[in-house]
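> Okay, sequence plus prediction incoming.
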Amino acid sequence: MNPLRFRRRALAAALTCITLGLSMGAHAQAYPSKPITFIVPFAAGSATDQLARALGQSITEQTKQAVVVENKAGASGMMAAQAAARAGADGHTVLITTNTTQAANEHLYKKLPYDPVKDFAPVTGLGKGGQVLVVPAASPYKSVAELLAAARKSPGKLSFGSGSSSSRVAGEMLKQLSGTDILHVPYKSNPLAITDLLGGQIDLMITDTSTGVPQVKAGKLRALGYSTQKRSAQLPEVPTIDEAGVKGYDMGYWFAAYVPAGTPAPVVARLHDLLVAAVKSAPAKSFFDTAGSEAWTTTPDELAKFQAAEAQKWGKVIKAAGIDPE
(Lines give C-alpha, C1' and ligand atoms only; values in the text may rest on other atoms or scores of the structure.)
Protein backbone atom coordinates (compact mmCIF):
# COMPACT_ATOMS: atom_id res chain seq x y z
CA MET A 1 0.00 0.00 0.00
CA ASN A 2 1.16 3.51 -0.75
CA PRO A 3 2.81 4.84 2.47
CA LEU A 4 1.05 8.21 2.11
CA ARG A 5 -2.34 6.53 1.67
CA PHE A 6 -1.64 4.28 4.68
CA ARG A 7 -0.80 7.29 6.85
CA ARG A 8 -3.98 9.07 5.72
CA ARG A 9 -6.11 6.06 6.60
CA ALA A 10 -4.42 5.72 9.97
CA LEU A 11 -5.00 9.42 10.67
CA ALA A 12 -8.65 9.12 9.63
CA ALA A 13 -9.14 6.13 11.93
CA ALA A 14 -7.53 7.97 14.82
CA LEU A 15 -9.72 11.01 14.26
CA THR A 16 -12.80 8.77 14.16
CA CYS A 17 -11.85 7.23 17.49
CA ILE A 18 -11.25 10.64 19.02
CA THR A 19 -14.56 11.94 17.70
CA LEU A 20 -16.41 8.88 18.99
CA GLY A 21 -14.78 9.22 22.38
CA LEU A 22 -15.69 12.91 22.56
CA SER A 23 -19.25 12.09 21.50
CA MET A 24 -19.59 9.41 24.17
CA GLY A 25 -18.14 11.74 26.77
CA ALA A 26 -20.58 14.45 25.72
CA HIS A 27 -23.46 11.99 26.15
CA ALA A 28 -22.46 11.36 29.75
CA GLN A 29 -21.70 15.01 30.55
CA ALA A 30 -25.00 16.22 29.13
CA TYR A 31 -27.04 13.61 31.00
CA PRO A 32 -29.52 14.29 32.42
CA SER A 33 -30.49 17.23 30.24
CA LYS A 34 -34.15 17.22 31.23
CA PRO A 35 -36.45 15.71 33.89
CA ILE A 36 -36.18 11.94 34.31
CA THR A 37 -39.29 9.75 34.38
CA PHE A 38 -39.31 6.68 36.62
CA ILE A 39 -41.95 4.24 35.38
CA VAL A 40 -43.20 2.02 38.20
CA PRO A 41 -45.29 -1.09 37.46
CA PHE A 42 -47.32 -0.83 40.66
CA ALA A 43 -49.66 1.61 42.37
CA ALA A 44 -48.71 4.55 44.55
CA GLY A 45 -47.91 3.32 48.04
CA SER A 46 -46.45 0.01 46.90
CA ALA A 47 -42.90 -0.90 47.92
CA THR A 48 -41.55 -0.23 44.42
CA ASP A 49 -43.25 3.16 44.35
CA GLN A 50 -41.83 4.14 47.73
CA LEU A 51 -38.33 3.14 46.68
CA ALA A 52 -38.62 4.97 43.36
CA ARG A 53 -39.62 8.18 45.12
CA ALA A 54 -36.74 7.89 47.60
CA LEU A 55 -34.27 7.35 44.76
CA GLY A 56 -35.79 10.18 42.76
CA GLN A 57 -35.33 12.58 45.65
CA SER A 58 -31.64 11.74 45.81
CA ILE A 59 -31.09 12.00 42.06
CA THR A 60 -32.77 15.40 42.00
CA GLU A 61 -30.39 16.53 44.74
CA GLN A 62 -27.42 15.19 42.75
CA THR A 63 -28.37 16.57 39.32
CA LYS A 64 -30.82 19.43 40.03
CA GLN A 65 -33.17 17.76 37.52
CA ALA A 66 -36.70 16.75 38.52
CA VAL A 67 -37.61 13.07 38.71
CA VAL A 68 -41.22 12.25 37.90
CA VAL A 69 -42.63 8.94 39.16
CA GLU A 70 -45.25 7.53 36.78
CA ASN A 71 -47.30 4.66 38.19
CA LYS A 72 -48.65 2.24 35.59
CA ALA A 73 -50.31 -0.44 37.71
CA GLY A 74 -52.08 -3.46 36.29
CA ALA A 75 -51.51 -6.57 34.20
CA SER A 76 -48.70 -7.71 36.53
CA GLY A 77 -46.53 -4.80 35.44
CA MET A 78 -46.78 -5.55 31.73
CA MET A 79 -48.20 -2.14 30.79
CA ALA A 80 -45.36 -0.36 32.59
CA ALA A 81 -42.66 -2.56 31.09
CA GLN A 82 -44.09 -2.11 27.61
CA ALA A 83 -44.24 1.67 28.03
CA ALA A 84 -40.64 1.77 29.27
CA ALA A 85 -39.43 -0.47 26.45
CA ARG A 86 -40.99 1.85 23.86
CA ALA A 87 -39.60 5.05 25.39
CA GLY A 88 -36.73 7.02 23.92
CA ALA A 89 -33.35 5.38 24.51
CA ASP A 90 -31.72 8.44 26.06
CA GLY A 91 -31.73 7.52 29.74
CA HIS A 92 -34.54 9.90 30.64
CA THR A 93 -37.06 7.08 31.04
CA VAL A 94 -36.13 4.47 33.64
CA LEU A 95 -38.05 1.34 34.63
CA ILE A 96 -37.88 0.90 38.40
CA THR A 97 -39.17 -2.62 38.70
CA THR A 98 -38.94 -6.04 40.30
CA ASN A 99 -38.62 -9.72 39.52
CA THR A 100 -42.29 -9.57 38.52
CA THR A 101 -41.66 -8.00 35.12
CA GLN A 102 -38.11 -9.20 34.55
CA ALA A 103 -38.13 -12.83 35.78
CA ALA A 104 -41.63 -14.12 36.54
CA ASN A 105 -44.00 -12.80 33.88
CA GLU A 106 -42.39 -14.72 31.03
CA HIS A 107 -43.46 -17.90 32.82
CA LEU A 108 -46.88 -16.65 33.89
CA TYR A 109 -48.12 -15.41 30.50
CA LYS A 110 -48.10 -17.05 27.10
CA LYS A 111 -47.39 -13.78 25.34
CA LEU A 112 -45.77 -10.62 26.68
CA PRO A 113 -45.98 -7.19 25.01
CA TYR A 114 -42.27 -6.77 25.78
CA ASP A 115 -39.12 -8.89 25.96
CA PRO A 116 -37.60 -8.72 29.47
CA VAL A 117 -34.10 -9.22 28.05
CA LYS A 118 -33.94 -7.87 24.50
CA ASP A 119 -35.98 -4.71 25.15
CA PHE A 120 -33.91 -3.42 28.07
CA ALA A 121 -30.41 -2.46 29.14
CA PRO A 122 -29.76 -3.42 32.78
CA VAL A 123 -28.48 -0.59 34.98
CA THR A 124 -28.20 -1.81 38.58
CA GLY A 125 -29.86 -3.83 41.28
CA LEU A 126 -31.48 -1.67 43.94
CA GLY A 127 -32.62 -3.84 46.82
CA LYS A 128 -33.82 -7.20 48.09
CA GLY A 129 -36.45 -8.21 50.61
CA GLY A 130 -38.93 -10.75 51.89
CA GLN A 131 -42.69 -10.94 52.28
CA VAL A 132 -45.03 -11.42 55.19
CA LEU A 133 -48.05 -13.73 55.48
CA VAL A 134 -50.86 -11.67 56.99
CA VAL A 135 -54.51 -12.12 58.00
CA PRO A 136 -56.99 -9.56 59.40
CA ALA A 137 -56.53 -8.77 63.08
CA ALA A 138 -60.00 -10.25 63.72
CA SER A 139 -59.14 -13.49 61.94
CA PRO A 140 -59.57 -16.67 64.02
CA TYR A 141 -56.17 -17.92 62.81
CA LYS A 142 -53.30 -17.24 65.19
CA SER A 143 -50.62 -19.28 63.42
CA VAL A 144 -49.67 -20.74 60.06
CA ALA A 145 -50.59 -24.18 61.40
CA GLU A 146 -54.13 -23.07 62.31
CA LEU A 147 -54.58 -21.37 58.94
CA LEU A 148 -53.48 -24.42 56.98
CA ALA A 149 -55.56 -26.76 59.14
CA ALA A 150 -58.64 -24.71 58.21
CA ALA A 151 -57.63 -24.76 54.55
CA ARG A 152 -57.31 -28.55 54.60
CA LYS A 153 -60.64 -28.95 56.37
CA SER A 154 -62.51 -26.85 53.78
CA PRO A 155 -60.66 -27.01 50.42
CA GLY A 156 -61.24 -23.94 48.23
CA LYS A 157 -63.08 -22.01 50.94
CA LEU A 158 -60.24 -19.72 52.02
CA SER A 159 -58.91 -17.11 49.57
CA PHE A 160 -55.64 -15.25 49.16
CA GLY A 161 -55.07 -12.01 47.26
CA SER A 162 -52.05 -10.85 45.29
CA GLY A 163 -51.14 -7.68 43.44
CA SER A 164 -47.78 -8.76 42.05
CA SER A 165 -46.17 -11.89 40.69
CA SER A 166 -44.04 -12.14 43.83
CA SER A 167 -47.14 -12.16 45.98
CA ARG A 168 -48.94 -14.55 43.61
CA VAL A 169 -46.14 -17.10 43.41
CA ALA A 170 -45.56 -16.85 47.18
CA GLY A 171 -49.19 -17.83 47.73
CA GLU A 172 -49.05 -20.62 45.17
CA MET A 173 -45.86 -21.98 46.74
CA LEU A 174 -47.62 -22.03 50.11
CA LYS A 175 -50.42 -24.10 48.59
CA GLN A 176 -47.99 -26.43 46.86
CA LEU A 177 -45.72 -27.13 49.83
CA SER A 178 -48.60 -27.42 52.33
CA GLY A 179 -50.88 -29.49 50.10
CA THR A 180 -53.81 -27.09 50.43
CA ASP A 181 -56.41 -25.65 48.07
CA ILE A 182 -56.76 -21.88 48.58
CA LEU A 183 -58.57 -19.68 46.05
CA HIS A 184 -56.44 -17.02 44.34
CA VAL A 185 -57.95 -13.52 43.87
CA PRO A 186 -55.87 -11.20 41.62
CA TYR A 187 -55.48 -7.44 42.17
CA LYS A 188 -53.71 -4.64 40.28
CA SER A 189 -51.41 -3.97 43.21
CA ASN A 190 -50.73 -5.21 46.73
CA PRO A 191 -52.17 -2.09 48.44
CA LEU A 192 -55.50 -2.78 46.71
CA ALA A 193 -55.42 -6.37 47.93
CA ILE A 194 -54.63 -5.13 51.46
CA THR A 195 -57.74 -2.96 51.33
CA ASP A 196 -59.94 -5.98 50.62
CA LEU A 197 -58.08 -8.02 53.22
CA LEU A 198 -58.84 -5.36 55.82
CA GLY A 199 -62.46 -5.38 54.65
CA GLY A 200 -62.76 -9.14 54.97
CA GLN A 201 -63.29 -9.83 51.26
CA ILE A 202 -60.27 -12.19 51.25
CA ASP A 203 -58.77 -14.26 54.07
CA LEU A 204 -55.02 -13.85 53.69
CA MET A 205 -52.16 -12.68 51.53
CA ILE A 206 -48.38 -12.78 51.37
CA THR A 207 -47.24 -9.24 50.70
CA ASP A 208 -44.09 -7.13 50.67
CA THR A 209 -43.14 -5.86 54.11
CA SER A 210 -43.42 -2.17 53.22
CA THR A 211 -47.09 -2.73 52.44
CA GLY A 212 -47.92 -5.22 55.17
CA VAL A 213 -45.81 -4.32 58.19
CA PRO A 214 -47.33 -0.84 58.79
CA GLN A 215 -50.77 -2.48 58.98
CA VAL A 216 -49.38 -5.07 61.40
CA LYS A 217 -47.80 -2.37 63.55
CA ALA A 218 -51.11 -0.49 63.53
CA GLY A 219 -52.90 -3.57 64.82
CA LYS A 220 -55.06 -3.96 61.71
CA LEU A 221 -53.39 -7.11 60.41
CA ARG A 222 -51.81 -10.11 62.13
CA ALA A 223 -48.49 -11.46 60.83
CA LEU A 224 -48.27 -15.26 60.85
CA GLY A 225 -45.04 -15.94 58.97
CA TYR A 226 -42.13 -14.49 56.98
CA SER A 227 -41.30 -15.71 53.49
CA THR A 228 -37.50 -16.07 53.52
CA GLN A 229 -35.29 -18.42 55.52
CA LYS A 230 -34.25 -15.56 57.83
CA ARG A 231 -36.67 -13.73 60.12
CA SER A 232 -37.49 -10.09 59.48
CA ALA A 233 -35.67 -7.53 61.63
CA GLN A 234 -38.95 -5.60 61.75
CA LEU A 235 -40.93 -8.58 63.04
CA PRO A 236 -38.37 -10.67 64.96
CA GLU A 237 -41.09 -12.44 66.91
CA VAL A 238 -42.75 -13.74 63.74
CA PRO A 239 -41.43 -17.15 62.62
CA THR A 240 -40.46 -17.85 59.06
CA ILE A 241 -43.03 -19.88 57.14
CA ASP A 242 -40.42 -22.63 57.03
CA GLU A 243 -40.08 -22.52 60.84
CA ALA A 244 -43.86 -22.57 61.11
CA GLY A 245 -43.97 -26.00 59.53
CA VAL A 246 -43.94 -25.48 55.75
CA LYS A 247 -40.49 -26.96 55.23
CA GLY A 248 -38.44 -25.64 52.32
CA TYR A 249 -40.48 -22.46 51.96
CA ASP A 250 -38.31 -19.56 50.73
CA MET A 251 -39.57 -16.76 48.49
CA GLY A 252 -38.03 -13.27 48.37
CA TYR A 253 -38.15 -10.39 45.88
CA TRP A 254 -35.80 -7.81 44.37
CA PHE A 255 -35.83 -4.33 42.88
CA ALA A 256 -33.75 -3.20 39.90
CA ALA A 257 -33.43 -0.42 37.33
CA TYR A 258 -33.52 -0.77 33.54
CA VAL A 259 -33.53 1.59 30.55
CA PRO A 260 -34.66 0.93 26.96
CA ALA A 261 -32.30 -1.15 24.84
CA GLY A 262 -30.00 1.02 22.74
CA THR A 263 -29.40 3.61 25.45
CA PRO A 264 -25.79 4.87 25.00
CA ALA A 265 -23.31 3.09 27.27
CA PRO A 266 -21.98 6.38 28.78
CA VAL A 267 -25.54 7.34 29.76
CA VAL A 268 -26.11 3.91 31.33
CA ALA A 269 -22.84 4.32 33.23
CA ARG A 270 -23.79 7.81 34.45
CA LEU A 271 -27.27 6.65 35.51
CA HIS A 272 -25.72 3.65 37.24
CA ASP A 273 -23.48 5.94 39.31
CA LEU A 274 -26.41 8.21 40.18
CA LEU A 275 -28.56 5.27 41.28
CA VAL A 276 -25.80 3.62 43.31
CA ALA A 277 -25.29 6.92 45.15
CA ALA A 278 -29.08 7.23 45.56
CA VAL A 279 -29.32 3.75 47.09
CA LYS A 280 -26.83 4.88 49.74
CA SER A 281 -28.68 8.16 50.41
CA ALA A 282 -30.69 9.00 53.51
CA PRO A 283 -34.10 8.78 51.77
CA ALA A 284 -33.32 5.27 50.46
CA LYS A 285 -31.87 4.13 53.79
CA SER A 286 -35.08 5.28 55.47
CA PHE A 287 -37.09 3.23 52.96
CA PHE A 288 -35.00 0.09 53.47
CA ASP A 289 -35.18 0.42 57.26
CA THR A 290 -38.95 0.93 57.16
CA ALA A 291 -39.60 -1.73 54.54
CA GLY A 292 -37.42 -4.33 56.18
CA SER A 293 -35.49 -4.87 52.97
CA GLU A 294 -31.80 -4.27 52.21
CA ALA A 295 -29.80 -2.22 49.73
CA TRP A 296 -28.29 -4.16 46.85
CA THR A 297 -26.39 -2.71 43.90
CA THR A 298 -24.68 -4.34 40.91
CA THR A 299 -22.90 -3.54 37.70
CA PRO A 300 -25.06 -3.77 34.55
CA ASP A 301 -23.38 -7.08 33.64
CA GLU A 302 -23.94 -8.50 37.11
CA LEU A 303 -27.61 -7.58 36.93
CA ALA A 304 -27.96 -9.25 33.53
CA LYS A 305 -26.47 -12.50 34.86
CA PHE A 306 -28.55 -12.32 38.05
CA GLN A 307 -31.72 -11.75 36.05
CA ALA A 308 -31.00 -14.80 33.87
CA ALA A 309 -30.50 -16.99 36.93
CA GLU A 310 -33.64 -15.62 38.60
CA ALA A 311 -35.75 -16.19 35.48
CA GLN A 312 -34.69 -19.82 35.49
CA LYS A 313 -35.43 -20.15 39.22
CA TRP A 314 -38.86 -18.53 38.98
CA GLY A 315 -39.70 -20.67 35.98
CA LYS A 316 -39.04 -23.80 38.00
CA VAL A 317 -41.07 -22.52 40.97
CA ILE A 318 -44.02 -21.50 38.79
CA LYS A 319 -44.03 -24.82 36.95
CA ALA A 320 -43.77 -26.78 40.18
CA ALA A 321 -46.66 -24.73 41.60
CA GLY A 322 -48.80 -25.87 38.70
CA ILE A 323 -49.51 -22.37 37.41
CA ASP A 324 -50.56 -22.52 33.76
CA PRO A 325 -49.52 -19.49 31.67
CA GLU A 326 -52.48 -17.21 31.01
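On my side now, so go ahead. Values in this document were obtained by computation on a predicted structure and should not be read as measured data.
> now Lys247: how far from Gly163?
27 Å (C-beta to C-beta, to the nearest Å). C-beta here means a position set from N, CA and C on the backbone, and glycine is covered the same way.
> Helices of this structure, residue ranges please.
Under the criterion DSSP state H, the chain contains helices at 3-30, 47-63, 78-85, 99, 105-108, 144-153, 165-178, 190-199, 209-217, 265-279, 282-291, 300-320.
> Around the closest residue to Leu183 other than its chain neighbours, how many other residues sit close by?
Residue nearest to Leu183 in three dimensions, not counting chain neighbours: Ser159, with 4.2 Å by C-beta to C-beta, 6 or more residues apart in numbering. The tally of other residues near Ser159 (other C-beta atoms under 10 Å) stands at 17.
> my read: Ser159 touches Val185, true?
Yes. Ser159 is within contact range of Val185, at 5.2 Å (criterion: C-beta atoms under 8 Å).
> So for the two, which residues contact both of them?
With contacts taken as C-beta atoms under 8 Å, 6 or more residues apart in numbering, the residues that reach both Ser159 and Val185 are Ile202.
> most centrally placed residue in this protein?
By C-alpha atoms, centre = their mean, the chain has its centre lying nearest to Thr98, at 1.6 Å.
> Relative to Ser189, how far out is that one?
Distance from Thr98 to Ser189, by C-beta to C-beta: 12 Å.
> joint contacts of these two?
Common neighbours of Thr98 and Ser189, using C-beta under 8 Å, 6+ apart, are Ser164.
> Give me the nearest residue to Ala54, chain neighbours excluded.
Nearest residue to Ala54 in three dimensions, chain neighbours excluded: Pro283, at 3.9 Å (C-beta to C-beta, 6+ apart).
> Val144 now?
The shortest distance from Val144 to any non-neighbouring residue, by C-beta to C-beta, 6+ apart, is to Ala244 (3.7 Å).
> residues near Lys128, how many?
Counted by other C-beta under 10 Å, the residues lying close to Lys128 total 17.
> so what's it scoring on pLDDT?
At Lys128, the pLDDT value in this model is 91.
> If it is in a bridge, with which residues?
On the basis of DSSP bridges, Lys128 is bridged to Trp254, Glu294.
> For Leu95, see how far away it is.
For Lys128, the distance to Leu95 equals 18 Å [C-beta to C-beta].
> give the contact list for the residue nearest to the centre of the chain.
Shown in contact with Thr98 (C-beta under 8 Å, 6+ apart): 41, 48, 77, 164, 166, 253-256.
> Can you select the buried ones among the residues you listed for me in ChimeraX?
The buried subset of these, as determined by 16 or more other C-beta atoms under 10 Å, is captured in ChimeraX by this line:
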select :41,48,77,164,166,253,254,255,256
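> I'd like to know which of the contacts of Thr98 is nearest to Lys153.
Minimum distance to Lys153 across those is 28.2 Å, recorded for Ser166 (C-beta to C-beta).
> Surely Leu133 touches Ile206?
Yes. Proximity of Leu133 to Ile206 meets the contact threshold set by C-beta under 8 Å, at 4.9 Å.
> Now list whatever residues contact both of the two.
Joint contacts of Leu133 and Ile206 (C-beta under 8 Å, 6+ apart) are 174, 227.
> Compare Lys247 and Gly163 and say which is more crowded by neighbours.
Gly163 (27 against 10).
> OK, contacts around the more buried one?
By C-beta under 8 Å, 6+ apart, the contact set of Gly163 is 42-43, 46, 186-193, 207.
> any idea how far it is from Ile206?
Using C-beta to C-beta, we find Gly163 at a distance of 11 Å from Ile206.
> what number of residues lie near Tyr109?
Neighbour count for Tyr109, taken as other C-beta under 10 Å: 15.
> how far away is it from Ala277?
Going from Tyr109 to Ala277 by C-beta to C-beta gives 35 Å.
> Next: Val246.
To Ala277, Val246 is 40 Å away according to C-beta to C-beta.
> And those two? Which one has more around it.
Taking neighbours as other C-beta under 10 Å, Val246 and Ala277 compare with Val246 leading, 22 against 16.
> wait, the more buried one sits on Gln176?
No. Taking contacts as C-beta under 8 Å, Val246 lies outside contact range of Gln176: 9.6 Å.
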